[in-house]
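K.L.:
Quick one: sequence and predicted model below, then my questions.
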Amino acid sequence: MIVKDGQPFSIVEDEGFQNFIKILDPSYSIPSCKTIEDIVTRIQDETEGVPIRTVKSFMTKIPSVVTGLREPAVICTPCSVPFTAEAMHIGSLIAAQGYFFPISDHVLSLKDDGTFYRFQAPYFWASNCWEPENTDYAIYLCKRTMQNKTRLELADYEAENLARLQRAFARKWEFIYMQAEAQVKIDRKKDKTERKILDSQERAFWDVHRPVPGCVNTTEMDIRKCRRLKNPHRVKKSVYGLVEEGTQSQSPIHTPSHHCRKGTKEDVEKEILFLNTQLDRHCMKMSKVAESKEPSQQRVKKWGFSLEEALKDLVGQKLFLKFLESEFSSENLRFWLAVQDLKKMPQQDVAQRAQDIWAEFLAEGAPSPINLDSHSYERTSQNLKDPGRYSYEDAQDHIYKLMKSDSYARFLRSNVYQDLLMARKKLETEQGRRTSLEKFTRSVVSFPVC
Amino acid sequence: MCDQTFMAATFGPCDSCGKTGPLMNIYIKNEPVNYCSFCVEVMAYRGLQKGETLETLRQESDTLKKKLEEERGKLNDVELHQVAEKIEVVGALSIKTRRVLKGHGNKVLCMDWCKDKRRLVSSSQDGKVIVWDGFTLNKENGVSLPCTWVMACAYAPSGCAVALGDGLDNKCSVIPLSLDKNENLATKKKSVAMHTNYVSGCTFTSSDMQILTSSGDGSCALWDVESGQLLQSFHGHTADVLSLDLSPSETGNTFVSGGCDKKSCVWDMRSGQNIQTFENHESDINCVKYYPSGDAFASASDDATCRLYDLRADREVAIYQKDSIIFGASSVDFSLSGRLLFAGYNDYSINVWDVLKVTRVSILFGHENRISRVCVSPDGTALCSASWDHTLRIWA
C-alpha cells in the first residue's frame, strides 16, 4: 500500500492506520506482548516517561533519542522493580523484542552507558505478528546499497545475506531491484530528519527478524503454539505492501487448526453434569457414622493408638472407610473387611465367597483392583485352587501393612479424624471432602526447609 | 458429538440402531448411553429441536460455574501467606551453576532425571536424545531420531528405558537403554502410543509397563508398553493438553493435566473420569506439577503467573506473580520438601518462590534463551534446567 499508492512511510504512525492493522486479525496473540507494549507506551508518555529529544552531535543532529542511562530507571516504575540488574535484564529483553534500539548498533540490548536509544514505530511492533519474507529482506538490503552514504554501508553478515539472496532470487532480481529503486525515490522526497528516524526504525525491525549471527532470535515461537497464532494461512503480509505472485507455500506448522472444539449440546450437557457433581461434593452431608450420638473423646483417642484399634471399633472402621473413599483408595480396606468376613462364614459358603472376593479385587479387570506384589499374588492364586478360609492370609497381611504404613498415618492427620478428636462442633451441611484452608495448613506449620 | 477424532474405548452393538461398531461413551443424566456416532448425531439434532437450545444449556452451565465459584469461596477463611507468617523465613539461598551440559545442536525441549539421582535424559529439536551422567558430564547414550521435534522425554522408574514423545509423527515410543555404546539404539525404538496430534508430555506410571501421555489433540491416554494397547483415555480438555504429572502418593491413582484451554484437570486413572477442574489462569497452562505430598499442585502459565491449587480445599490458594515478571512461565518443579517452587520463564531466568509465604526468594540467571524445562533431582540436591540456548545447566 505504501509503495503502490505512494503513501509516505509516516502514515504508519497514524492512529487510523494502527486501528486498521488491528482489525485485520484479532485472534490469539502472545500475552507478554501486550504487557511490554503497555510498558513501552508508558515510557514514551510525555509526562511520566523519558524525554525524547534531539541531541546535537559533531556536525549533525540526532533526532528523537533517549539516553541509555535513564532507560533502566524509567523501566523501574512501570515494573515496580528497584534499579538493579533486574531492570537491565528486562530492558534488554524488551530491546531484543525490538521495542527500542540503540541507534548505532545492530545488537539489540540495553546498556547503562551513555548510548542513545530510539523507540520503534508501532507499525513494526512484534504484536502485529510479522513474518517478513525473504523478498522483503532482499528489497531492504538492495535499497541500502543504493543509498550512497558511508554510514549506511552493509555489515558483513548483511553483505553475505544479500549475496545469498541474489543467488536464490536470481530470476526475480529485476523485480526486487525495481521495488528498491521505487522506495529510494519516495524516501528522497521526505524530510531529512524524518528519513533518519524511519531508516533507523526499519533497520531495527530487520535486526529483530534477521538477527546478527550469534544473537538470540526473539521471533522464534514455541512450535506447539504456532498454529494458533494470528495469520496462520493467509497471504503473508509484506512489510512493503507487495502482493506475492504465484502460490503461497503452506508452512508445515500452520496446519488448518481444529483447536477449540465447538461445544455441542452433548458437551454442554456433560459439563453441566460435571458441575452439578462438583457442587454436590461441596454440600455433601457427612453421614452419621452408624450411631446417633458422636463417639466419646476416649474412644476417638483409642483409634489413634494403632490401626488395629481403629479397625476393632465399628465406628472407627466406618470413619476410616469414609476417609479412604475420599482418597479413592477404599478398595484396600474393603478387601481386608471382606477377608475378615470370609473367615467367619459358614463352611458351605466359603468357597463361593472366596471366588467372589477374587473376582471383585484381584482378577484381571476387577472393578476394585488392589495393589498386591507379584509374590503374594502368585501364592493367593495357588491357594484359590483349593479355596478355604485362610486362602487370603498372605494378601491380607500385605494389604494391612500397606494401610498401616500409608493410609493410616494420613487418616490420623486428616480433618475428619482431627475434628472428632477435638470434639469440634460442626454444622451439618458444611462437612464433606472440602476443608477450610486453615485446617489444611495445620499440618503445614512445622515444615522443614529443603 | 465432537468434530475431533478420538480413541474409541468400546466396541459393540449400538443401543439404538443395533449395528456393531465403535461406540461413543456418553452419559445422559448419569446414565451411560452407548450409541454409535451416527445415532449420537441424530439424537443431538432431535434434542435441539425439542426446545432445549444450546444457548439455554450454555447459560445453565455458566450459572452453575458461578455457583461453584461461590461455594468454593465460602470456605475461604484465611490466605496461605497469612497462615505462613508464623513460619521462619527461608534463609538466603546460594544456588549456582555447577555444570553446563553442552552437546545438543538445537533447542533443548525436555529433560528428566533418572531415579538413581545421577543420570538424566534430554531431548532437543535436532532429533537427538542424550543420556548424561550429571556428575561427570559423560554422555552415556545418544540416539538420533529421524523426526526433529521430540517434545517430551521421560526416564523409566527402573532406569532401563526412556520414553519419547514425538511432535511430527504423533507417537510416543520407548527405547530400552543398554550399556553397549556401539549399539544403535534407534533401531530398538518401539512405538507405544498413537495420537492424532503432537505428543506434548509423557511419563511412566509406577512401573515400566505403563505410560501416560498427553497430546495436542486435547486428550490424555494410558497405554500398556508391551502390547501398545490403549488402556484408558481421558477426554475433557477443549484445546491442546500441554503437560501432565502423576500423583506421588502410592495409593493415589490420579494425575493432573494442564492445557491451552486455561484449565487444569485432575483425573482418576482407573475410571477415566475428570475429578476436579480449575479455571483460574488467564492464558495457556504450560506446565503442571504435584506438590510432594500429593495434596496440591502448581501450574505455570503464559500469563506470567504460577498458581498453587489445593485438592482438598478444591481451589486456588496462592498466585506467584510480580510486576517485573512479564514473560510467561514455561515450567515448574517443587523442591523435595515442597517449600520452594522453581519456575523457569521465557525471560531466560529461573525464579525461586517460597511456596508458603508467596514471595520470591531468588532469581537464577545464566541461560541465554528461554527455559523449556526445570526439574529437581530425585534426592533434592540439584536442579536441572533445559533451555533453547542448546545447553542444560545443573544448579546446586
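P.N.:
That came through, no problem.
K.L.:
Can you pull out the low-pLDDT segments for the stretch 1-150 of chain A?
P.N.:
Within the stretch 1-150 of chain A, the set of residues satisfying pLDDT under 70 comprises A:1-30, A:46-51, A:55-84, A:148-150.
K.L.:
Tell me how far residue B:108 lies from residue B:355.
P.N.:
26 Å (C-beta to C-beta, to the nearest Å). Bear in mind the C-beta positions are built from the backbone N, C-alpha and C, glycine included.
K.L.:
and if you look at residue A:171?
P.N.:
In this view, residue A:171 and residue B:355 are 61 Å apart by C-beta to C-beta.
K.L.:
And those two? Which one has more around it.
P.N.:
Neighbour totals were compared for residue A:171 and residue B:355, and residue B:355 leads with 27 against 7 (other C-beta atoms under 10 Å in any protein chain shown).
K.L.:
how many neighbours does the residue in the stretch 201-350 of chain B that chain A sits nearest to have?
P.N.:
Using C-beta to the nearest C-beta, the point where the stretch 201-350 of chain B gets nearest to chain A is residue B:337, with a distance of 3.4 Å. For residue B:337, the neighbour count with other C-beta under 10 Å is 14.
K.L.:
Next: residue A:185.
P.N.:
If we define neighbours as other C-beta under 10 Å, then residue A:185 has 11 of them.
K.L.:
Could you report the pLDDT at it?
P.N.:
At residue A:185, the pLDDT value in this model is 88.
K.L.:
Stretch A:373-382 vs chain B: in contact?
P.N.:
No. Remark: stretch A:373-382 sits outside contact range of chain B, by C-beta under 8 Å from any C-beta of the partner chain, the gap being at least 10.8 Å.
K.L.:
List the buried residues for stretch B:270-282?
P.N.:
For stretch B:270-282, the neighbour count (16 or more other C-beta atoms under 10 Å in any protein chain shown) marks B:270, B:272, B:274, B:275, B:276, B:277, B:278, B:280, B:281 as buried.
K.L.:
The last one and residue B:356, how far apart?
P.N.:
When distance is defined by C-beta to C-beta, residue B:281 is 21 Å away from residue B:356.
K.L.:
before we move on, what about the first one?
P.N.:
In this structure, residue B:270 lies at 33 Å from residue B:356, with C-beta to C-beta as the measure.
K.L.:
buried ones in stretch A:323-338?
P.N.:
Neighbour-count burial for stretch A:323-338, with 16+ other C-beta under 10 Å as criterion, is recorded at A:323-324, A:326-336, A:338.
K.L.:
and of these, the nearest to chain B?
P.N.:
Within those, proximity to chain B (C-beta to the nearest C-beta) peaks at residue A:329, which comes in at 3.9 Å.
K.L.:
wait, what's in contact with the residue nearest to that closest one when sequence neighbours are not counted?
P.N.:
By the measure of C-beta to C-beta, 6 or more residues apart in numbering or on different chains, the closest residue to residue A:329 outside its immediate chain neighbours is residue B:251, 3.9 Å from it. Neighbour list for residue B:251: A:327, A:329, A:332, A:371, A:402, A:406, A:407 [criterion: C-beta atoms under 8 Å, 6 or more residues apart in numbering or on different chains].
K.L.:
Whichever helix or strand the third one is part of vs chain B: in contact?
P.N.:
Looking back up the chat, that one is residue A:332. Take DSSP states H and E as the rule and residue A:332 turns out to sit in helix A:331-344. Yes. Contact between helix A:331-344 and chain B is present through residue A:332 (criterion: C-beta under 8 Å from any C-beta).
K.L.:
how would you label the residue nearest to residue B:379 when sequence neighbours are not counted: helix, strand or coil?
P.N.:
Spatial nearest neighbour of residue B:379, chain neighbours left out: residue B:117 (4.5 Å); criterion: C-beta to C-beta, 6+ apart. Look at residue B:117: counting by DSSP: H, G, I helix; E, B strand; the rest coil, its state is coil.
K.L.:
and residue B:117, how many neighbours does it have?
P.N.:
Residue crowding around residue B:117 was assessed by other C-beta under 10 Å; the count is 15.
K.L.:
Go ahead and confirm it touches residue B:381.
P.N.:
Yes. Residue B:117 sits in contact with residue B:381 when judged by C-beta atoms under 8 Å, with a separation of 7.5 Å.
K.L.:
Low-confidence stretches in the stretch 151-300 of chain A?
P.N.:
Along the stretch 151-300 of chain A, segments meeting pLDDT under 70 span A:151-152, A:229-237, A:239, A:241-264, A:282-294.
K.L.:
In helices, which of the buried residues of stretch B:270-282 fall?
P.N.:
With helices defined by DSSP state H, no entry of the buried residues of stretch B:270-282 lies inside them.
K.L.:
which of those are close to chain A?
P.N.:
Restricting these to those adjacent to chain A (criterion: C-beta under 8 Å from any C-beta) gives B:270, B:274, B:276, B:277.
K.L.:
how about the second one, what does it touch?
P.N.:
Contacts here follow C-beta under 8 Å, 6+ apart; on that basis residue B:274 touches A:274, B:234, B:236, B:265, B:266, B:267.
K.L.:
repeat for the third one
P.N.:
In this structure, residue B:276 makes contact with A:278, B:265, B:266, B:311, B:314, judged by C-beta under 8 Å, 6+ apart.
K.L.:
mind running it again at 10 Å?
P.N.:
Each residue near residue B:276 by C-beta atoms under 10 Å, 6 or more residues apart in numbering or on different chains is listed here: A:274, A:278, A:281, A:433, B:254, B:256, B:264-267, B:309, B:311, B:314-315.
K.L.:
Could you give the bridge partners of it?
P.N.:
With DSSP bridges as the criterion, the beta-bridge partners of residue B:276 are residue B:266.
K.L.:
Show me the strands in chain A, by range?
P.N.:
Here chain A has its strands, by DSSP state E, at A:53-57, A:60-67, A:100-102, A:116-119.
K.L.:
rewinding a little: can you add distance to residue B:225 and neighbour count and give the contacts of residue B:276 back as a markdown table?
P.N.:
Rendered in a markdown table, the data for those read as follows (distance: C-beta to C-beta, whole Å; neighbours: other C-beta atoms under 10 Å in any protein chain shown):
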| residue | distance to residue B:225 | neighbour count |
| --- | --- | --- |
| A:274 | 31 | 20 |
| A:278 | 34 | 20 |
| A:281 | 35 | 17 |
| A:433 | 34 | 18 |
| B:254 | 21 | 19 |
| B:256 | 22 | 25 |
| B:264 | 27 | 29 |
| B:265 | 24 | 23 |
| B:266 | 24 | 21 |
| B:267 | 20 | 26 |
| B:309 | 30 | 23 |
| B:311 | 28 | 22 |
| B:314 | 34 | 21 |
| B:315 | 36 | 20 |
